[in-house]
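A.B. asks: Show me the folded form of this:
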Amino acid sequence: MATRILIAEDHPIFRDGLRALLRTIADVELVGEAANGDEAIEMAHRLRPDVVLMDVDMPGRNGIEATRAIRDRHPAIGILMLTMFDDDDSIFSAMRAGAQGYLLKEASGEELAGAIEAVVRGQAIFGPGVARRVMNFFIAAGRGAHASEPFPELTAREREVLELIAEGRNNSNIAVHLGLSEKTIRNHVSNILNKLQVVDRAQAIVRAREAGLGGASR
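C.D. replies: Next comes the predicted model:
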């Protein structure tokens with residue numbers, strides 16, 4: 001019996017490419033395509049696919065929120081995140097929401113086929129780059145690395161963004177420097193302000209420079 005797949009992806013061009021890629025994989029059947037998180041939830045409930053290929057950043061409810069909603073209602077449906085985001089926040093938020101796999105969009109057809117098969121079998125699957133991030137996170141945690149760093153409440157990516165903020169860079173410049181979208185940077189900045197309990201960017205810069213970030217003397 002073919003594995004029934006639902007695509008949840010808001011970019012039509014990538015959705016077209018993913019549809020074409022699935023045609024090259026044996027024993028899979030594309031049963032639906034959702035363009036946002038709310039559609040993904042509704043279609044997962046109605047179509048009951050075996051696996052949802054879920055983007056993280058979508059209009060309305062994002063992929064992580066959609067994953068949580070689908071898994072809460074239909075725990076037998078497997079969720080494979082297929083995204084451009086490889087930051088710690090996205091990876092671990094997806095895992096906590098119930099995703100069984102996390103693959104970057106640069107993955108080959110062979111990697112995607114193997115990941116789908118693994119999710120169907122109930123296994124956790126990560127792309128090579130993501131697997132290294134997960135492994136390094138737990139190695140660092142085991143060594144107590146975060147305790148010796150300023151602002152241990154921040155993720156590694158958030159500390160990286162804060163360092164660049166403290167250097168006086170704006171969101172556009174940071175996005176180019178890190179190869180991320182400005183929307184992603186805005187989300188990181190919002191998380192940083194909340195976690196540091198400061199009201200604006202200026203206060204965050206002061207806190208960061210007091211901690212030695214942004215080229216300030218330690």
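
A.B. asks: going forward, measure contacts between C-alpha atoms and count neighbours the same way
C.D. replies: Will do.

A.B. asks: so where's the chain uncertain?
C.D. replies: 128-149, 215-218 (pLDDT under 70).

A.B. asks: How about the contacts made by the closest residue to residue 57 other than its chain neighbours?
C.D. replies: Leaving aside its sequence neighbours, residue 57 sits nearest to residue 63 (Cα to Cα, 6 or more residues apart in numbering; 6.1 Å). By Cα atoms under 8 Å, 6 or more residues apart in numbering, the contact list for residue 63 reads 8, 36-37, 54-57, 81.

A.B. asks: ok, now with 7 Å
C.D. replies: 37, 54-57 (Cα atoms under 7 Å, 6 or more residues apart in numbering).

A.B. asks: got it, and residue 164?
C.D. replies: 174, 214.

A.B. asks: In PDB, could you pull the C-alpha coordinates for the one helix or strand residue 91 maps to?
C.D. replies: Residue 91 is located in helix 88-97, with elements delineated by DSSP states H and E. Once non-C-alpha atoms are left out, helix 88-97 reads as follows in PDB (Å, rounded to 0.1, in the frame of the first residue of the first chain):
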ATOM      1  CA  ASP A  88      17.900  25.600  17.400                       C
ATOM      2  CA  ASP A  89      14.600  27.300  18.200                       C
ATOM      3  CA  SER A  90      12.900  25.800  15.100                       C
ATOM      4  CA  ILE A  91      14.400  22.400  15.500                       C
ATOM      5  CA  PHE A  92      13.600  21.800  19.200                       C
ATOM      6  CA  SER A  93      10.200  23.600  18.900                       C
ATOM      7  CA  ALA A  94       9.300  21.200  16.200                       C
ATOM      8  CA  MET A  95      10.400  18.200  18.200                       C
ATOM      9  CA  ARG A  96       8.400  19.400  21.200                       C
ATOM     10  CA  ALA A  97       5.400  19.800  19.000                       C
END
